[in-house]
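*Asks:* sequence first, predicted model second:
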Number of protein chains: 2
Amino acid sequence: MVWLPTLHGRRCRWTDCPTRLDTLSSGRIMTKTKRQRAMPANKSRAKQVPPDHLRRRGEPPSAHVETGLLSAIERLLRDGRRFGALSVEELAREAGIGRATFYLYFRNKGELITHLMQQLTREVEVSAGDWFRDAGEVDHQTLRRALHGIVGTFRRHQGILAAASDTAATDPQIETAYRAMMDRLCQLSRQAVRQVDHSGRGTGVDPDRLADLLTWFIALYCARFIADHDDAEIARLIDLFVHVAGRSIFQDPAAASS
Amino acid sequence: MVWLPTLHGRRCRWTDCPTRLDTLSSGRIMTKTKRQRAMPANKSRAKQVPPDHLRRRGEPPSAHVETGLLSAIERLLRDGRRFGALSVEELAREAGIGRATFYLYFRNKGELITHLMQQLTREVEVSAGDWFRDAGEVDHQTLRRALHGIVGTFRRHQGILAAASDTAATDPQIETAYRAMMDRLCQLSRQAVRQVDHSGRGTGVDPDRLADLLTWFIALYCARFIADHDDAEIARLIDLFVHVAGRSIFQDPAAASS
């Protein structure tokens, strides 16, 4: 379910990364040095992290690694586990990859979440369609489609949202990643609400502040509740979001509710 | 600042509790038993918790104890400490009371927060004025006064809100207390929005769902951001809340914005 195509029939970007893992010789990475072989087991395990000149950090992980890790996080969180309590070893095992493969791309769990949050941000941006597109249409219909897309994307990736909100308070790296996502979504919302305002259909309220407030309202609410909602509740929730955001942004309430 | 009278000029209920501590013989509580005297220091310290027949749990703590503990939490959180990392000993020391006095009323930190959340709920209820009063006025002016009161109360007690949201994810007792507050506030909001609906001034949207959504929007936003806002930002925030809630609840947007 997590890796379905987007609502607009385009392939999800997350699965479009080149499969770089195929080009790797995993044997080279796993081969122990003489010093590692001499170490006690637990110290040796820590040394499975490839040295920096072998690491591919900054390069996108293969779709296999990325989807595997994402699905692993989602499953473990659904089973009631907390992201903060998961070890890299457990994540890798659940994802069916080796620890060394994990460390090939990510220094730690925080870096993984940062990467996944960046992908989520891009997916939300695409799923919001014209409402978030510079010089796109900004009417009630595009707002409704945008909220449909955004809520759908948040819902598909609720595991990452939960992991981010679970650990943002205690992990500055994840707080930064979550904040970067929200900054981007606020920026896109501001652009849309400003356009409504410039066209004379706005409510006369500071468009930037209003856009920020509505964006945070929806993101905070989704992070907290979306996992509990079934399809019917999600449909009602989107209707309510359209009602509240539409009437707050557009002067003409009749059109906003249509 | 924390213990100012409410916005309506009434004394804050939190300070109206009888000063029961005055009636206590602290010597009786602190006197060690023969067994305690024989214990090593750290075990002996744990035994400062009064036995159940001496404890006053269920009775309201004195204003001195309550305000002391609340101010202590607020100071420690302002200093960047996390509620989950504070010990009862540290809280009691910061509040200028003994550990034994703390345990006279509260079994643990969670029970303290539960108590403070219950007080906060009652204070929010009072500070919202007519909007939350059964058969009270439900027009745009009472909505504005209610949001002014609610945001002011959340702001005065941001330390508890922060502590609750800091620990709710990991502490079922605090999650229950936070949930109880939100259930009560949603119930009061539903009552108000239903009245607007019955009077024919509503927007035709399910009043209960709309009330719940707006209540959670505002509470989640305040829990996350209110500590960062200065007076001018708070005033603008209340205006925005009035704009969004007013236009969502009332059919007539011109009146809602007035």
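*Replies:* Good, I have the coordinates.
*Asks:* now for the helix or strand hosting A:Ile234, which elements pack on it?
*Replies:* Under the criterion of DSSP states H and E, A:Ile234 resides in helix A:231-249. With contacts taken as 3 or more C-beta pairs under 8 Å, 6 or more residues apart in numbering or on different chains; DSSP states H and E, helix A:231-249 sits against helix A:140-156, helix A:207-225, helix A:253-257, helix B:207-225, helix B:231-249. The way it works is simple: take the backbone N, C-alpha and C, and place the C-beta from them, glycine included.
*Asks:* what's the least confident stretch among those helices?
*Replies:* Mean pLDDT is lowest for helix A:253-257 among those, at a mean of 56.
*Asks:* list, one by one, the residues from chain A near chain B.
*Replies:* Counting by C-beta under 8 Å from any C-beta of the partner chain, the residues of chain A close to chain B are A:82, A:166, A:169-170, A:203-206, A:209-210, A:213-214, A:216-217, A:220-221, A:224-225, A:236-237, A:240, A:243-244, A:247-248, A:251, A:253, A:257.
*Asks:* would you mind checking those for buried ones?
*Replies:* For the residues of chain A next to chain B, a neighbour count by 16 or more other C-beta atoms under 10 Å in any protein chain shown gives the buried set as A:166, A:169, A:203, A:205, A:209-210, A:213-214, A:216-217, A:220-221, A:237, A:240, A:243-244, A:247-248, A:251, A:253, A:257.
*Asks:* any idea of the angle the strand or helix carrying A:Thr67 forms with helix A:140-156?
*Replies:* Element membership of A:Thr67, judged by DSSP H and E, is helix A:63-78. Counting by axes from the mean of the first three to the mean of the last three C-alpha atoms, to 10 degrees, helix A:63-78 lies at 80 degrees to helix A:140-156.
*Asks:* wasn't A:Gly110 part of a helix?
*Replies:* Yes - under DSSP: H, G, I helix; E, B strand; the rest coil, A:Gly110 falls within a helix.
*Asks:* check the gap between it and chain B for me.
*Replies:* 17 Å (C-beta to the nearest C-beta, to the nearest Å).
*Asks:* distance of A:Leu77 from chain B?
*Replies:* In terms of C-beta to the nearest C-beta, A:Leu77 sits 12 Å off from chain B.
*Asks:* check contacts around the closest residue to that residue other than its chain neighbours.
*Replies:* Closest residue to A:Leu77 apart from its sequence neighbours, by C-beta to C-beta, 6 or more residues apart in numbering or on different chains: A:Gly159 at 5.1 Å. Taking C-beta atoms under 8 Å, 6 or more residues apart in numbering or on different chains, we find A:Gly159 in contact with A:2, A:70, A:73-74, A:77-78.
*Asks:* check which element follows the helix or strand A:Gly159 falls within along the chain.
*Replies:* Assigned by DSSP H and E, A:Gly159 falls within helix A:158-167. Downstream of helix A:158-167, the next assigned helix or strand under DSSP H and E is helix A:172-198.
*Asks:* hmm, A:Ala177 is touching A:Leu120, no?
*Replies:* No - checked against C-beta atoms under 8 Å, the pair A:Ala177 and A:Leu120 is beyond contact range at 9.5 Å.
*Asks:* so who does the closest residue in space to A:Val242 that isn't next to it in sequence touch?
*Replies:* Leaving out its chain neighbours, the residue that sits closest to A:Val242 by C-beta to C-beta, 6+ apart is A:Arg144, at 5.0 Å. A:Arg144 makes contact with A:238, A:242, A:246, according to C-beta under 8 Å, 6+ apart.
*Asks:* which residues touch the first one?
*Replies:* The neighbourhood of A:Ile238, defined by C-beta under 8 Å, 6+ apart, consists of A:144, A:147-148, A:151.
*Asks:* go again with 7 Å.
*Replies:* Counting by C-beta atoms under 7 Å, 6 or more residues apart in numbering or on different chains, A:Ile238 touches A:147-148, A:151.
*Asks:* buried ones among these?
*Replies:* A:147-148, A:151.
*Asks:* want to try JSON lines for these, with distance to A:Tyr103 as columns?
*Replies:* Below are these laid out as JSON lines (distance: C-beta to C-beta, whole Å):
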{"residue": "A:Leu147", "distance to A:Tyr103": "39"}
{"residue": "A:His148", "distance to A:Tyr103": "38"}
{"residue": "A:Val151", "distance to A:Tyr103": "35"}
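*Asks:* next up, the contacts around the residue of the stretch 1-150 of chain A at minimum distance from chain B.
*Replies:* Nearest residue of the stretch 1-150 of chain A to chain B: A:Arg82, at 7.5 Å (C-beta to the nearest C-beta). A:Arg82 is in contact with A:Asp166, counting by C-beta under 7 Å, 6+ apart.
*Asks:* would you check how far apart the spatially closest residue to A:Arg236 that is not a sequence neighbour and B:Arg194 are?
*Replies:* Spatial nearest neighbour of A:Arg236, chain neighbours left out: B:Arg209 (6.7 Å); criterion: C-beta to C-beta, 6+ apart. Distance check for B:Arg209 against B:Arg194: by C-beta to C-beta, to the nearest Å, it reads 11 Å.
*Asks:* can you check A:His198 too?
*Replies:* Counting by C-beta to C-beta - A:His198 and B:Arg194 are separated by 38 Å.
*Asks:* for A:Gly246, same thing?
*Replies:* For A:Gly246 relative to B:Arg194 (C-beta to C-beta), the value is 22 Å.
*Asks:* neighbour count winner among the two?
*Replies:* A:Gly246 (21 against 16; other C-beta atoms under 10 Å in any protein chain shown).
*Asks:* can you count the residues close to the nearest residue to A:Ala219 once chain neighbours are set aside?
*Replies:* Closest residue to A:Ala219 apart from its sequence neighbours, by C-beta to C-beta, 6+ apart: A:Met182 at 6.2 Å. A:Met182 has 17 neighbours, counted by other C-beta under 10 Å.
*Asks:* swap in A:His157?
*Replies:* Using other C-beta under 10 Å, A:His157 has 24 other residues around it.
*Asks:* who are the neighbours in contact with it?
*Replies:* A:Leu120.
*Asks:* quick one: it from chain B, how far?
*Replies:* 19 Å.
*Asks:* next: A:Ala192.
*Replies:* 16 Å.
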